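coordinates only, sequence not included:
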C-alpha cells in the first residue's frame, strides 16, 4: 500500500495535530520526543508525517510531495495555492488584523499611499487594495512588525493577533479585524481522486472528534 504523506507545520499546530492523530489511532508518538528527524512513519497505517516550515506546507501539498497538510488559514491566504481546503480544525484560533496607534483608527482608510508593514504582503494588499480600493505601499518584514509604526517605518501593520498583549505593551491596538484564523486540513487535488477512500476515512475520524459535520 502506498504511504499517505501528511505535512505538519512545525510548532504549536503540529503538537495539536499530533495529539489529534494519536487519538484517532495513528502512530506518531515518536514525534513527541525531542529529535531532529523530519520524517516519521506509521508502518501499520501506511502513513508518513513530515515536519516543515508553516509557509511551505501548502507548497508541499500542491506539488504532491505531501497528500495532506495541516496549516493555519493565514498561510493558505498568503500562499494562495491550488488545493482542497477540507476541514476547519478549529484549533490554533486567532485573527488577522490591521493594528497601529489609536489615532490611525479614524483616518487610515483616507490616507493616500498608506504605508503598511506586514509579514503577509498578499493578505495586506488584498484587504486594502481589493476590499477598500485604497492605494498603499507594502513594506515586507519578517519579524517584530510592531516596531514599524513606532519608528515611523509604517502607518499601520497587518499581523496575526492572539491575545493582543504584545500590541498593548508597545502602545498599539487592533484597528480593524480582517478575518478569523485557525488550523485547516488541506488535501492535494490528485491525491483526493486517487486515495479518496483513505483520505475520507481520516476526514471522518477528524470530524467525529471536532464535531464538524
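Great, that's in hand. In this text, all values refer to a predicted model and were calculated from it rather than measured experimentally.

Any regions of the protein where pLDDT drops low?
Within the chain, the segments meeting pLDDT under 70 span 212-213.

Which residue ranges make up the domains of it?
As given by automatic domain parsing, the domain ranges for the chain are 4-92+182-210, 94-180.

List the residues that contact residue 48.
Taking Cβ atoms under 8 Å, 6 or more residues apart in numbering as the criterion, residue 48 is in contact with 3, 4, 5, 6, 39, 40, 41, 42. In short, each C-beta sits where N, CA and C put it, glycine included.

Could you pull out the helices in this structure for me?
12-23, 57-62, 73-79, 121-125, 147-150, 165-169, 189-194, 196-210 (DSSP state H).

Make TSV out of those helices and add mean neighbour count.
TSV is the format used below for the helices of the chain (neighbours: other Cβ atoms under 10 Å):
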stretch	mean neighbour count
helix 12-23	18
helix 57-62	24
helix 73-79	21
helix 121-125	18
helix 147-150	18
helix 165-169	12
helix 189-194	14
helix 196-210	15
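
before we move on, the earlier item: drop anything exposed from the contacts of residue 48.
Restricting these to buried positions leaves 4, 5, 6, 40, 42, with burial counted as 16 or more other Cβ atoms under 10 Å.

so which of the helices of the chain gets nearest residue 104?
Distance to residue 104, taken as Cβ to Cβ, is lowest for helix 147-150 among the helices of the chain, at 7.8 Å.

so what secondary structure elements neighbour that closest one?
The contact analysis (3 or more Cβ pairs under 8 Å, 6 or more residues apart in numbering; DSSP states H and E) places helix 147-150 against strand 156-161.

Now do the strand it packs on: everything it contacts.
Contacts of strand 156-161 from elsewhere in the structure, counted by Cβ under 8 Å, 6+ apart, are 74, 94-100, 104, 108, 114-120, 123-124, 127, 145-146, 148-149, 167, 172, 174-175, 178, 181.

Next step: those restricted to strands.
94-100, 114-118, 174-175, 178, 181 (DSSP state E).

ok, residue 143 touching residue 166?
No. At 12.0 Å, residue 143 and residue 166 do not qualify as touching, with contact defined as Cβ atoms under 8 Å.

Contact partners for the spatially most central residue of the chain?
For the chain, the residue nearest the mean C-alpha position is residue 72 (2.0 Å; Cα atoms, centre = their mean). With Cβ under 8 Å, 6+ apart as the criterion, the residues that contact residue 72 are 9, 13, 54, 92, 181, 182, 183, 184.

what's across from it in the sheet?
With beta bridges defined as DSSP bridges, residue 72 has these partners: residue 183.

Residue 9 versus that one, what's the distance?
Spatial separation of residue 72 from residue 9 under the definition Cβ to Cβ, to the nearest Å is 7 Å.

what do the two both touch?
residue 54.

hmm, back to that, most neighbours among the contacts of residue 72, which one is it?
Note: the member of these with the most neighbours is residue 183, at 25 neighbours, neighbours being other Cβ atoms under 10 Å.

So it sits against residue 92, correct?
Yes. Under the criterion of Cβ under 8 Å, residue 183 is in contact with residue 92, at a separation of 4.3 Å.

Overlap of the contact sets of those two?
In the contact map built from Cβ under 8 Å, 6+ apart, the residues linked to both residue 183 and residue 92 are 13, 16, 72.

Can you add distance to residue 23 and give those residues back as JSON lines?
Below are those laid out as JSON lines (distance: Cβ to Cβ, whole Å):
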{"residue": "13", "distance to residue 23": "16"}
{"residue": "16", "distance to residue 23": "11"}
{"residue": "72", "distance to residue 23": "21"}
